[in-house]
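Undergrad: next one to model:
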Amino acid sequence: MDPVLDYLVQGLKQSFLMAYAVWWALVFGFLIGSVCAYKGMHAKGGSEGVGRAVNEAVVVSFVVVWIFNFAFNAVY
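TA: Residues are numbered from 1 along each chain as shown. The predicted model follows:
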């Protein structure tokens, strides 16, 4: 294979992987942000309720990301 063509192919592969990583960072960021915003907006009970909401948001965010990642990798 021509060295210039090989260099271009490698560059395209790296660009694709970078775009892929940025895409998943955006998707996971949106999921986590949505869960945390929902839990935060529906927190009740003063500072104790906010602490409970933060704890729930962390747990639910972890589970949502884990399930979403598992489902995508099972299909892909």
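Undergrad: every contact and neighbour count from this point should use C-alpha atoms.
TA: Fine.
Undergrad: so which bits of stretch 59-74 are buried?
TA: Val60, Ser61, Val64, Val65 (16 or more other CA atoms under 10 Å).
Undergrad: could you do stretch 23-42 as well?
TA: Of all the residues in stretch 23-42, those buried under the rule 16+ other CA under 10 Å are Phe28, Leu31, Ile32, Val35, Cys36, Lys39, Gly40.
Undergrad: same question for stretch 43-50.
TA: Those would be Ala43, Val50, for stretch 43-50 by 16+ other CA under 10 Å.
Undergrad: what packs against the helix or strand that contains Glu48?
TA: Remark: Glu48 resides in helix 46-75, with elements defined by DSSP states H and E. Contact analysis of helix 46-75 by 3 or more CA pairs under 8 Å, 6 or more residues apart in numbering; DSSP states H and E lists helix 3-41 as its packing neighbours.
Undergrad: and the helix it packs on, average pLDDT?
TA: In this model, helix 3-41 has a mean pLDDT of 90.
Undergrad: and the residue nearest the centre of the chain, how far from Ala21?
TA: When the chain is reduced to its mean C-alpha position, the closest residue under CA atoms, centre = their mean turns out to be Phe28, at 1.5 Å. Using CA to CA, to the nearest Å, one obtains 11 Å as the distance from Phe28 to Ala21.
Undergrad: what of Glu48?
TA: Relative to Ala21, Glu48 is positioned 37 Å away (criterion: CA to CA).
Undergrad: then Gly11?
TA: Separation of Gly11 from Ala21 (CA to CA): 15 Å.
Undergrad: ditto for Val59
TA: The gap separating Val59 from Ala21 is 23 Å, by CA to CA.
Undergrad: now Asn55
TA: Noted for Asn55: a distance of 27 Å to Ala21, by CA to CA.
Undergrad: give me the contacts around stretch 2-22.
TA: With CA atoms under 8 Å, 6 or more residues apart in numbering as the contact definition, stretch 2-22 has no outside contacts at all.
Undergrad: any chance of the buried residues of stretch 59-74 in TSV, plus pLDDT and distance to Phe72?
TA: Formatted as TSV, these follow (pLDDT from 0 to 100; distance: CA to CA, whole Å):
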residue	pLDDT	distance to Phe72
Val60	97	18
Ser61	97	16
Val64	95	12
Val65	94	11
